[in-house]
Structures are given as structure tokens and as C-alpha cells.
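Participant: sequence and predicted structure are below.
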Amino acid sequence: MRVQQFICALIGGILASSAGIADQQVRDVRFGGESGRTRVVIETAEAAEFRAFTLEGPSDRLVVDLPVADWAVRGLEAGEGLGHGLVENFRFFNNSASTSRVVFALESPAVIAAQFVLEPTSAGGNYRLVIDLDEANPGSGGPAPAFVRTGGLESLIADRVNAVYTPPPSRARHVLVIDAGHGGRDPGSLSPSGTRESDVTLEAARELRRQLEATGRYEVYLTRDRDTYPSWEERVGVMVEQRADLFLSIHADSSQDSSVNGTAVYTLNDRAEDRARQRAHRGAGPTDQVDVNNILVELELREKRNQSTAFAEVLLEHLATAGPLLQNPHRQANLFVLLDPRVPAVLLEMGFMTNPNDEANLTSAASRRRQMAAVLRGIDAYFAQRGDLGPVQENVPRELPVR
């Protein structure tokens, strides 16, 4: 009898727990605060334990993980919206079978000053998950920022600007830097089956390096070759140290809508370009040398944008032969990893981790070879367009076979 009672109680508890999970909804996302501080409020139907943390590169972001929930925000059915204050925009998706995630893209580095839960103010009201963000200011003596900041990118840009530019010497091979997104403590997006973005980006980067080096035209550096997390400064630092001719950051996207699929390419938007300009000019005094360097900055930024755009467009032409493209596939974003003012740079979103067909392709060696062969052809076409394709090794096929 006691055994029957225990089983009934256990089944009842499981059913009650399942009902609670099924009833959980994200009902609203709101923002408030004054200059320098932004309050993020996520309203849920039921009480929820959550985890909030910040991540850096390719863009700074606030990540909030909570138990799996349905998205029920009126007017934002796609699970995406614009932010306020320190938050540029946000998106919601189911991160795994048991968790949901809201990712907030940040305008600038920020510190989590506080996080807590507020109960409903009336019967049937929403629970409120509250995160207060402050601008990161390592010199203030306040709490240590969650973002690792050494001033490296600002110094990097300033150093490059405050010296008269001399182009790289003539080289036998073009130097390319391939950045496998995420890694280590940052797995990136997760597919419903648990595939990690950081794993598929690393495999793609290795495959692209293999194909590029096989042509004999390219010297290739990876920002990571194992499951580690280089900071965005370290990723950009590889590009600078090697005086790269081209920079490609590889990622895989996610969406609340599992039907969304396809490839996209991102270049730097106006806001991020202004950021690079301000950092490059910061602290400059009124001297003739600085005036000359500031003119160089403007010319370099303009040339970088032109070349990045040209590379993005020719790359998409070839990617279209390897699989579907996302609607309006050439996009612009505020991405730190593209900020260096000299090297043409794009970010490739290979597909969607949340789409079954895209995930199958992202984890297939044959599909990976096919897509990276298209990237290789795009890179070849970009340099050919510039009249600078470079030598071809003997006995190396121009297009590597896909097995």
C-alpha cells in the first residue's frame, strides 16, 4: 500500500512539475534607467531561477538563461526587439531541451551591478527578473567588470594610426586570418540536439585553412585551433601581428523560429565605424603629424569599408552555389571583431543551429567541405577582382573536389 501511495505521489509530482514548465512564459521585456545605468526587466508567468552573465566578442552581450519557456511577448512574435540605453537589441531562443536564453547585444562594455527577482504586485501578475547594468569603468575602483578589458584594441588602433602607414612588403602569398567564433567557456549557440556553435566553427576554420593552404596562394593563421576562448582583442591581435590581407570570422546563427535557415555575411555598420574613428582619434593633440594621421584614418576606414563590402558581395555570390542564403544576406552589425581600421573583414554566419537542415549540414564533413570550397572560390574571386590573385602551385586543382 505504501509503495502504491509513493508511486501515485511521484507521478503526481512529475505531472505537476511538467504542468509548471509547460505554463512558463516570457511575457515581456522592458528597459529603464538613466545615463550610465540600464535596467533590464524580463517578465515571466511563473517564478524562475535565472543566470545572467556577460560575454565579449565578436560583440559585447548580456546573456540570461532561464528554465525553458514559451515566448509570449505581444508585438514581438519573432522573439527579437530593440533595446534601450546600454542595450542595442535582444533575441530569445530555446538554448536546449531544458533552458531558454535571452541575449542582449550591448552598445558598450557593461558590468552587472545587481540581479534579483520581484514577485507580482497583484494576483495573476508577472514575476520580474531584474538585471541592472552599469557602464564598465575599470578605473573607478568599483566592481571588476565582467568583461575582460585591457585597453588593447584602443591602444592597437591608436598605435597604428599614430605612425605613418607603410604597406606590407610584397609577399609571395596573401596572409589570411580565420577566426573560429566562440570557444572554451563560450560555446555560442546550441542546437536542440546539443551541438555547440564553437565546435562547428572550429571544424569549418580548420577545413578552410586546409583548402586555402592547398592552393599555394595563401598563408593562413587561425585565431584558435582548439577549444579555447581568445578575447576579441587577441583575435584582432592575430590580424594585426600578421599584417593580414583579409580577416574572416566564422559563426553559426540561431533563431526562435526553427524554419529560419540560410547563410549570411556581415560587415561593419556606421555606428561601429564611428567607434573605430573615435578610438583612433582619442587623445590626439593638434599637431601636423596627428592631422596627417587623422586623414589617413579616414582614408583607411573608407578603403576598408569598400574592400570589406566588395569581399562580402563576391563571397555571397559563391556561397549561393553551396546552399540557401538568408533573406537579405549582406547585413551590417556593430561587431568588435571587425573594428580594425585597415584590414578588410567580414563575419560569416554559415547557417542556423536551430534549423534541422542547417544543423545537419553544419555537422556534415561533406557539406562543410562544399561550403568552405565556396568560400575559397569567393576569396580567389576577391583577389582576382583586385588583380592580385597570386601564384598557383603546380599540381593543385583550382577547386578542391568534394567527396
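Facilitator: Cool, got the structure. The structure presented is a predicted model; accordingly, all values stated were derived computationally and were not measured.

Participant: return the distance of L268 relative to Y382.
Facilitator: Separation of L268 from Y382 (CB to CB, to the nearest Å): 17 Å. The way it works is simple: take the backbone N, C-alpha and C, and place the C-beta from them, glycine included.

Participant: now S254
Facilitator: Distance, S254 to Y382, using CB to CB: 28 Å.

Participant: over to L82?
Facilitator: 33 Å.

Participant: do the same with V111
Facilitator: V111 is 40 Å from Y382, by CB to CB.

Participant: helix or strand: which one has V260?
Facilitator: For V260, there is no enclosing helix or strand under DSSP states H and E.

Participant: all helices for this protein, in order.
Facilitator: Counting by DSSP state H, the chain has helices at residues 2-23, 152-161, 197-215, 232-241, 270-281, 288-319, 356-362, 365-385.

Participant: quick one: mean pLDDT for the second one?
Facilitator: In this model, helix 152-161 carries a mean pLDDT of 42.

Participant: for the stretch 151-300 of the chain, give me the ranges with low pLDDT.
Facilitator: Residue ranges of the stretch 151-300 of the chain with pLDDT under 70: 151-170, 269-300.

Participant: figure out how far stretch 43-60 is from the centre of its chain.
Facilitator: Remark: stretch 43-60 is offset 16 Å from the chain centroid, using CA atoms, centre = their mean, to the nearest Å.

Participant: swap that for stretch 322-330, sorry
Facilitator: With CA atoms, centre = their mean, you get 17 Å for stretch 322-330.

Participant: use 626 as the first number for this chain going forward.
Facilitator: That works, and once the first residue is 626, the last one we named lands at stretch 947-955.

Participant: okay, it in PDB with CA atoms only?
Facilitator: This file holds the C-alpha atoms of stretch 947-955, laid out as PDB (Å, rounded to 0.1, in the frame of the first residue of the first chain):
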ATOM      1  CA  ALA A 947      26.700  25.800 -51.900                       C
ATOM      2  CA  GLY A 948      23.400  26.200 -50.200                       C
ATOM      3  CA  PRO A 949      20.500  28.600 -49.400                       C
ATOM      4  CA  LEU A 950      21.100  32.200 -48.400                       C
ATOM      5  CA  LEU A 951      19.300  34.100 -45.700                       C
ATOM      6  CA  GLN A 952      16.900  36.800 -46.900                       C
ATOM      7  CA  ASN A 953      18.900  40.000 -47.500                       C
ATOM      8  CA  PRO A 954      22.100  38.000 -46.800                       C
ATOM      9  CA  HIS A 955      24.600  41.000 -46.800                       C
END
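
Participant: so which bits of that stretch are buried?
Facilitator: By 16 or more other CB atoms under 10 Å, the buried positions in stretch 947-955 come out as A947, G948, P949, L950, L951, P954, H955.

Participant: per the record, what domains does the chain have?
Facilitator: Here the domain parsing of the chain from automatic domain parsing is 649-763, 777-1010.

Participant: okay, strands next: where are they in the stretch 676-825 of the chain?
Facilitator: Remark: strands assigned in the stretch 676-825 of the chain by DSSP state E, counting those that start in this stretch are 676-680, 686-692, 695-696, 705-707, 712-719, 724-731, 735-743, 752-760, 799-805.

Participant: pick the most buried one from those strands.
Facilitator: Greatest average neighbour count among these goes to strand 799-805 (a mean of 25), per mean count of other CB atoms under 10 Å.

Participant: give me the contact list for that strand.
Facilitator: 793, 823, 826-827, 829-831, 833-834, 837, 842-849, 860, 863-864, 867-875, 962, 968, 1004, 1008, 1013, 1015 (CB atoms under 8 Å, 6 or more residues apart in numbering).

Participant: and it, how far from the chain's centre?
Facilitator: In terms of CA atoms, centre = their mean, the centre of strand 799-805 is found 17 Å from the chain centre.

Participant: this completes my enquiry, with thanks.
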